[in-house]
Every structure is written in structure tokens, then in C-alpha cells.
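1. no sequence on hand, only this structure:
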């Protein structure tokens, strides 16, 4: 399933020029209002020229400003809460805005997943002798959660927060194994080197990123696109574990639905570790 225009703008932000980012930010701030703007109005709000707005549209693969407005109108019902302020002066409103952003991330991350692609991913995971899950920095907790979940249902999953150790693990994979790469930006040099090593071992690579045009997405054999909404401290850096975690959770639940015996595996594991609980 193709990304909607808001997802596309978000995913392209990291590689946009400074001028394009100005235009993008105005659209993300007021996506519904932008439907009724002229190109001159958008240019004025972004403090750029009309020609810059046209170039921005072309950079998104659009025919022009009119097509941008049509695509914004198509998602107008869900764009209102995509970019909302978090301000401690109004705590309850901030909490609602965070909630709306997270709902948008979950809805669009799952909505972007193509049925055939998910089926291919599930088949790949089920056939893996070993599943290595890799991520970096703030994203590693998602990898750790995936390792726990998949191991619980009978898929031998491994990983390490240390990149050096993780690379050593990759070098022990074979053609019957799978490398699952999780990266918001899809630009990590270390993870790209791991993908290269995995391919040399003829390992299938599945990637989860929020940029389908990112280097990691392009190098993966299977790529799943997430949608990230929340700005961190009003900066240009977008980060969230919710989107990637949602995709992992979806794969986990679909694997259980495919084989109910996986529930028995979870119960057995829980029974064995139950004596550690109060």
C-alpha cells in the first residue's frame, strides 16, 4: 500500500533541503488549512518563493501544487492531529495531543502494510532457523522486545546491544537464517555494514524503517514502512518506538493466529518462569 502524502513528507524530511523543510513544516503544522491555500499563500507562510514550492512538490514526485492539495484533501480527516504542540502550560491538552500523535502512528503504520508483503514476511520468519534482530541506540528496546516475543513462540531469536557482538553473530548466520533490522531513519552505517555481511552469507534481510527510500530499506530483501508522527522537543529530529513496536506486535500476533500451538509455547515459558514472581 502506498504512503499517504503526510507519511511521505515525514519520511522525506531528513534528506530535504533547508528550503524544502520550511515548506514541509508549514504543511505539517496546518495540513487541513493548506488544502485551501494558493501557492502564493503557502510560499508566504514558509518564507520561500513560489518556485521553491513548485520544486518541493516535484521533490515528492508530484506533478505540481494542485496535486499536493488533492492528496492532502484525501487524508484531511486524519491529518488534523499529525503535528500538535506539547506544552506543560496545558498538561491535559498536551496529553491529548500526544495520544492523537500515537494513534496516528499506529493507524498509519498498520494501514501502510501490504497484505502480500506481510504474508511474505511471516513466511520468512516461520522458516528461519535463527532470527537475529538488530537495532541501535534508542531503537534497541524494540529489538529486545522482538527477541523476547519471537523466542516465546518458538522462533529462535538472538541479538546484542553491542554492535561488535551483533556483527559477530551475523557472521555465524547462514542461508536458512534471517536478519531483522529495525531503524527509524534507515541510515545507520553500522547496520548497513551488517546487512552487507548478511548478504555475503546469503541471509535474508527484513527491515523496518519509516523511510522506504532510505539506504537500509533499499538494501533489504523485504521492507516494512512505519509512520512516525511525534516531534522531539520541537526539533527537526523525529523519533518514536511506538511505530516499530506496533509492527513487531502485529507480526507476533499474526504468527500466533497462524499457529495456535504458539500459544502453548508461551504458556509453557510463563509456567517455567512463574516462580520468579511474587
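-> The structure has been received and is ready for your questions. Treat the numbers as computed from the prediction; the structure is a model and nothing was measured.
2. all contacts plus neighbour counts: C-alpha atoms, from now on.
-> Will do.
3. okay, and the helix or strand of this structure with the least pLDDT?
-> When each helix and strand of the chain is scored by mean pLDDT, DSSP states H and E, helix 76-79 comes last, with a mean of 56.
4. where does the prediction get shaky in the chain?
-> 1-2, 76-87, 229-239, 277-278 (pLDDT under 70).
5. what segments of it are helices?
-> 5-12, 18-29, 39-46, 50-59, 65-74, 76-79, 91-111, 115-127, 140-152, 163-170, 189-200, 215-219, 242-258, 261-273 (DSSP state H).
6. residues in contact with the residue nearest the centre of the chain?
-> In the chain, the centroid-proximal residue (CA atoms, centre = their mean) is residue 226; its distance is 2.8 Å. When contacts are counted by CA atoms under 8 Å, 6 or more residues apart in numbering, residue 226 touches 105, 108-110, 112, 208-211, 243-244, 247.
7. how about it, phi and psi?
-> Phi and psi for residue 226, reported as degrees, to the nearest 10, are phi -100, psi 170.
8. and the gap between it and residue 69?
-> 23 Å (CA to CA, to the nearest Å).
9. what about residue 183, how many residues nearby?
-> By other CA atoms under 10 Å, the residues close to residue 183 number 28.
10. same question, residue 155
-> Per other CA under 10 Å, the neighbour tally for residue 155 reads 19.
11. check contacts around it.
-> Residue 155 touches 125-126, 128-131, counting by CA under 8 Å, 6+ apart.
12. mind running it again at 10 Å?
-> The contact partners of residue 155, by CA atoms under 10 Å, 6 or more residues apart in numbering, come to 125-131, 147-149, 262.
13. pick out the most distant pair among the residues you listed.
-> Greatest spatial distance in these: 127 and 148, 18.0 Å, computed using CA to CA.
14. count of residues packed around residue 5?
-> Based on other CA under 10 Å, the number of other residues close to residue 5 is 19.
15. before we move on, what about the one 4 residues further on?
-> By other CA under 10 Å, the residues close to residue 9 number 19.
16. and the gap between it and residue 54?
-> 15 Å.
17. could you give the number of residues near the nearest residue in space to residue 167 that is not next to it in sequence?
-> The shortest distance from residue 167 to any non-neighbouring residue, by CA to CA, 6 or more residues apart in numbering, is to residue 194 (6.2 Å). Residue 194 has 23 neighbours, counted by other CA under 10 Å.
18. now do the contacts for residue 194.
-> 134, 163, 166-171, 179, 181, 188, 200, 205.
19. distance of it from residue 157?
-> Taking CA to CA, one finds residue 194 at 16 Å from residue 157.
20. equivalent analysis for residue 127, please.
-> 12 Å.
21. and residue 115, by the same measure?
-> 24 Å.
22. who has more neighbours, these two?
-> More neighbours surround residue 157 than the other of residue 115 and residue 157, with 22 against 10 (other CA under 10 Å).
23. bridged to that one, which residues?
-> residue 131 (DSSP bridges).
24. dump the residue contacts of it.
-> Counting by CA under 10 Å, 6+ apart, the residues that residue 157 touches are 128-133, 144, 146-151, 178-180.
25. over to residue 269?
-> Counted by CA under 10 Å, 6+ apart, residue 269 has contacts 151-153, 263.
26. how is this protein divided into domains?
-> 5-80, 109-276 (automatic domain parsing).
27. now do the end-to-end distance for the longest one.
-> Criterion CA to CA; first-to-last residue distance in domain 109-276 is 36 Å.
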